[in-house]
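Trainee: Okay, sequence plus prediction incoming.
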Amino acid sequence: MFKKTMSLLEAIRTALRSLAANKLRSALTMLGIIIGVAAVITLLAVGQGVESFVRAQFESIGTYVLFVIPGQLEEGLPSARNRSPHPLTMGDARALQDPIRAPSVQRVAPVLQKSARASYRKKEIIAQILGVTPDYFTIRNWPAVEGRLFTEEEVAGHTRVATIGTLVRDRLFRDIDPIGKTIRINNVPFKVIGVMEEKGGGGFGSEDLRVFVPITTAQTRLFRGRTYRGDYVVSAILVSAVSEEAMEDAAQEITQILRERHDIRYLDEDDFTVINQKDLINIFGDITRVLTIFLGAIAAISLIVGGIGIMNIMLVSVTERTREIGLRKAVGARRRDILLQFLIEAVILSLIGGFVGIMLGVAGAFLVSQFAGDFQARVTIEAVALATGFSAAVGLFFGIYPATRAARLHPIEALRYE
Amino acid sequence: MSEIMESNGSNSEIVIRLENIVKIYQMGKVQVHALRGVSLQVQRGDMIAIMGPSGSGKSTLMNIIGALDTPTSGRYLLEGQDVSRLNDDQLAEIRNKRIGFVFQNFNLLPRLTALEQVELPLVYAGVFSRRERRRRAQEALERVGLGDRLHHRPNELSGGQQQRVAIARALVNNPSIILADEPTGNLDSKSGAEVMYIFQHLNQEQGITVVLVTHEPDIARHTRRIVYLRDGLIVGDESVLHPKVAMPGGALYEAKHR
Ligand SMILES: Nc1ncnc2c1ncn2[C@@H]1O[C@H](COP(=O)(O)OP(=O)(O)OP(=O)(O)O)[C@@H](O)[C@H]1O
Ligand SMILES: [Mg+2]
């Protein structure tokens, strides 16, 4: 059956020839596909890059971590209840560390976080000050790269010691060794005992622009804030579960304990939120998925526009080459030979366009990575395969109509065409 | 010589048999009767000319014989096979393998070299090997005296040379019939005589049946039989008692003729 028709190789050769005869036109025709595919590749690569960047950020928080924060996350504007919520306190944090009521909880780390001025000699910066306990570093698996972290004893003793992020070191100390130097936080002197390992992901709100001090010192010397009962307020509580599987249980135990402590009645809403690290990743995954579909739709539209361009040019080409088609038929070309020739031309147009588009898209992704700095746009094999497949399909689909028209031409009428 | 004997031996075999062929073109509401009932038989190995005034239906008849078109009614038997009711692809196969068609305006593809023009029918005949195609195309071009013009494109060839490329293309699949619609119409008399020499050579040496259309009585006298057409009907059919003999080189004919 196939033996009776012209060989595929021959058809490809013929198609390449006729495309090469009209180089500028072929290139312009490909432009639609090139732009479409380049857009797909770049956008998907950026999407992938953002996703893996954010995932890495989440994972750098630490494993099996739950966050407890005051108030309800879902509520957009603060409601009447939300304006005076029960804040989270040191007492809450201690209560979570009950091995009988909360067996799934491993470690609990209350955090008091505020921004403040930090200065060394004449240099001054605004940094995030975090009052924490050593458990915080353990939960987040976050070591010091110079000096050391502070100890339980230093927390108990309200000591004025600090470990600083690499950005704080760079901005306050430059070439000086910071260990043992005294910085001032809101004019209170602290001795620097360590520098934290770099988390990366620079810019505003970077974790490297932080100063860690014992939470007790922060509560008594830096930021005062107590409940009417006299308990110290905390910004958030980090909790690690005993295992990944225990995270759901841990969240329930935390909720149970805090509802009791905050006197929340049956069916009333929590005045705090327990966030699972996995939930965050999943929510973000959903967002990027929607975004990817959206970008994909835009790209698909541009590919279709490119396909219409191909169909247009192929129709022009069929008309221009009516006599050629007539002659080919006169010397024995069958319908399927002509069909194949024009289909292959359309597919080659779109495939070359796709290939150039992939190149441009990869270059675009590279450029975006260069400028963004923080994350790497990632071109995946899947994206390349998708773009290639899509452009071939577009060529095939939009080539069918012109090719059929060519194949149906009557040899005599075609030869007579002028 | 033995080939001539053979073609004489099978003298009675009829390769083209037309029975009451009618062709009507529909032009909007008007019907054009291009052929009104043509019956014609052509012997294998014969060489005939079709003459007639413009619009008498010569090209229409040639297109039907050449399987480029189908009649409105009537029967056409090509080597005993009924061609008048074949479908598109079957007609394509006949055009490809059994008939070589030569046009007045050559119909070469502008960008292809002489070799590639002649390879075209081989491509559609399913000759996959490029080397084989090349060899056969080159051989066909040598048969029409163009062995030294293999890589020329149409715009690098004279009219007579272009027509010879077209003849090589018609020859390459070894058809039993060559049809030519005013093959010398666009040529000067020297090139025309060259073309006629090739046709006579193919007819006599290889026994190929040749049917050609011409307006020039001188060209017609190179054949053995002349059929006259008028208003879509055959109005005359005569044998040529002493066909003129074309010599290689065309215009040299008179000088060399002894
Ligand atoms: N495709 C067509 N549609 C309509 N009428 C046609 C078509 N082809 C040919 N005719 C008509 O059929 C008649 C015969 O045409 P044909 O081309 O066979 O004449 P011809 O003998 O070859 O003339 P010429 O010597 O000028 O080439 C003419 O009247 C012509 O107008
Ligand atoms: Mg004519």
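Mentor: Alright, I've got the coordinates. Ligands and ions are numbered 1, 2, ... in the order given.
Trainee: make it CA atoms for all contacts and neighbour counts henceforth
Mentor: Fine.
Trainee: Mind listing residues that contact whatever helix or strand A:D249 lives in?
Mentor: Secondary structure assignment for A:D249, by DSSP states H and E: helix A:247-261. Helix A:247-261 has contacts (CA atoms under 8 Å, 6 or more residues apart in numbering or on different chains) with A:64-66, A:92, A:95-96, A:101-105, A:241, A:265, A:270, A:274, A:276.
Trainee: Is chain B within reach of the helix ranked longest in chain A?
Mentor: Ranked by residue count and defined by DSSP state H, the top helix of chain A is helix A:277-320. No: against chain B, helix A:277-320 shows no contacts by CA under 8 Å from any CA of the partner chain, the least distance being 12.6 Å.
Trainee: helices and strands around that helix, which ones?
Mentor: Here helix A:277-320 touches helix A:23-60, strand A:65-70, helix A:335-372, helix A:381-408, going by 3 or more CA pairs under 8 Å, 6 or more residues apart in numbering or on different chains; DSSP states H and E.
Trainee: Can you say which of these is nearest to ligand 1?
Mentor: With respect to ligand 1, and counting by CA to the nearest ligand atom, the nearest of those is helix A:381-408 at 16.1 Å.
Trainee: List the buried residues in that closest one.
Mentor: By 16 or more other CA atoms under 10 Å in any protein chain shown, the buried positions in helix A:381-408 come out as A:383-384, A:387-388, A:390-407.
Trainee: and A:Q219, what pLDDT?
Mentor: With respect to pLDDT, A:Q219 scores 90.
Trainee: residues contacting it?
Mentor: A:Q219 neighbours (CA under 8 Å, 6+ apart): A:112, A:131, A:225, A:232.
Trainee: Any idea how far apart the tips of stretch B:78-86 sit?
Mentor: End-to-end distance of stretch B:78-86 (CA to CA, to the nearest Å): 12 Å.
Trainee: of all the contacts of helix A:247-261, which comes closest to A:D170?
Mentor: The nearest member of these to A:D170, counting by CA to CA, is A:V65 at 29.4 Å.
Trainee: Now do the SS call for the residue nearest to the closest one when sequence neighbours are not counted.
Mentor: Excluding its sequence neighbours, the residue lying closest to A:V65 (CA to CA, 6 or more residues apart in numbering or on different chains) is A:S240, at 4.6 Å. Using DSSP: H, G, I helix; E, B strand; the rest coil, the structure places A:S240 in strand.
Trainee: go on, A:T273?
Mentor: strand.
Trainee: Next up, the contacts around it.
Mentor: A:67-73.
Trainee: Sketch out the low-pLDDT regions of the stretch 151-300 of chain A for me.
Mentor: Low-confidence segments of the stretch 151-300 of chain A (pLDDT under 70): A:201-205, A:228.
Trainee: Tell me the residue of it that sits nearest ligand 1?
Mentor: For the stretch 151-300 of chain A, CA to the nearest ligand atom, closest residue to ligand 1: A:A300, 44.0 Å.
Trainee: Confirm for me that that residue is in contact with A:I35.
Mentor: No: A:A300 is beyond contact range of A:I35, at 11.1 Å (criterion: CA atoms under 8 Å).
Trainee: burial measure for the nearest residue to B:T113 once chain neighbours are set aside, as a count.
Mentor: Leaving aside its sequence neighbours, B:T113 sits nearest to B:R153 (CA to CA, 6+ apart; 4.4 Å). For B:R153, the count of nearby residues is 19 (other CA atoms under 10 Å in any protein chain shown).
Trainee: Domain-wise, how is chain A divided?
Mentor: Using automatic domain parsing, the domain parsing of chain A gives A:2-57+A:283-416, A:85-270.
Trainee: would JSON lines of the helices and strands packed on helix A:277-320 with mean pLDDT be doable?
Mentor: Shown next, in JSON lines, are the helices and strands packed on helix A:277-320 (pLDDT from 0 to 100):
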{"stretch": "helix A:23-60", "mean pLDDT": "84"}
{"stretch": "strand A:65-70", "mean pLDDT": "88"}
{"stretch": "helix A:335-372", "mean pLDDT": "91"}
{"stretch": "helix A:381-408", "mean pLDDT": "91"}
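Trainee: which residues does B:T184 contact?
Mentor: B:T184 sits in contact with B:104, B:191-192, B:195, B:214, where contact means CA under 8 Å, 6+ apart.
Trainee: mind checking how far B:A34 is from B:D46?
Mentor: 25 Å.
Trainee: A:L340 now?
Mentor: Distance of A:L340 to B:D46, given as CA to CA: 39 Å.
Trainee: And the helices in the stretch 51-200 of chain A, which stretches?
Mentor: A:80-83, A:90-96, A:134-139, A:152-156, A:166-173 (DSSP state H, counting those that start in this stretch).
Trainee: Ok, which of the ones you listed comes nearest chain B?
Mentor: Among the helices of the stretch 51-200 of chain A, helix A:166-173 comes nearest to chain B, with 68.2 Å by CA to the nearest CA.
Trainee: quick one: contacts for the residue nearest to B:T113?
Mentor: The neighbours of B:R153, taking CA under 8 Å, 6+ apart as the test, are B:110-114.
Trainee: Neighbour-wise, give me the winner out of the residues you listed.
Mentor: B:A114 (30 neighbours).
Trainee: before we move on, the earlier item: can I get the contacts of B:T184 in JSON lines with pLDDT, distance to A:Q252 and neighbour count?
Mentor: Shown next, in JSON lines, are the contacts of B:T184 (pLDDT from 0 to 100; distance: CA to CA, whole Å; neighbours: other CA atoms under 10 Å in any protein chain shown):
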{"residue": "B:Q104", "pLDDT": "94", "distance to A:Q252": "93", "neighbour count": "17"}
{"residue": "B:S191", "pLDDT": "92", "distance to A:Q252": "102", "neighbour count": "21"}
{"residue": "B:G192", "pLDDT": "93", "distance to A:Q252": "102", "neighbour count": "22"}
{"residue": "B:V195", "pLDDT": "94", "distance to A:Q252": "100", "neighbour count": "26"}
{"residue": "B:T214", "pLDDT": "96", "distance to A:Q252": "102", "neighbour count": "21"}
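Trainee: Among these, which one sits closest to ligand 1?
Mentor: Closest to ligand 1, out of all of the contacts of B:T184 and judged by CA to the nearest ligand atom, is B:T214, at 8.0 Å.
Trainee: Doesn't B:G236 lie inside a strand?
Mentor: Yes: counting by three-state DSSP, B:G236 is part of a strand.
Trainee: does the closest residue to it other than its chain neighbours sit in a helix or strand, and which one?
Mentor: Of all residues beyond its chain neighbours, the one nearest B:G236 is B:Y228 (4.7 Å), with distances taken as CA to CA, 6+ apart. Element membership of B:Y228 [criterion: DSSP H and E] is strand B:225-230.
Trainee: and that strand, what does it pack onto?
Mentor: Checked by 3+ CA pairs under 8 Å, 6+ apart, strand B:225-230 has strand B:47-51, strand B:233-239 packed alongside it.
Trainee: how big is the angle separating that strand from strand B:47-51?
Mentor: Calculated by axes from the mean of the first three to the mean of the last three CA atoms, to 10 degrees, strand B:225-230 forms an angle of 20 degrees with strand B:47-51.
Trainee: Give me the contact status of strand B:225-230 with ligand 1.
Mentor: No: against ligand 1, strand B:225-230 shows no contacts by CA under 6 Å from any ligand atom, the least distance being 7.8 Å.
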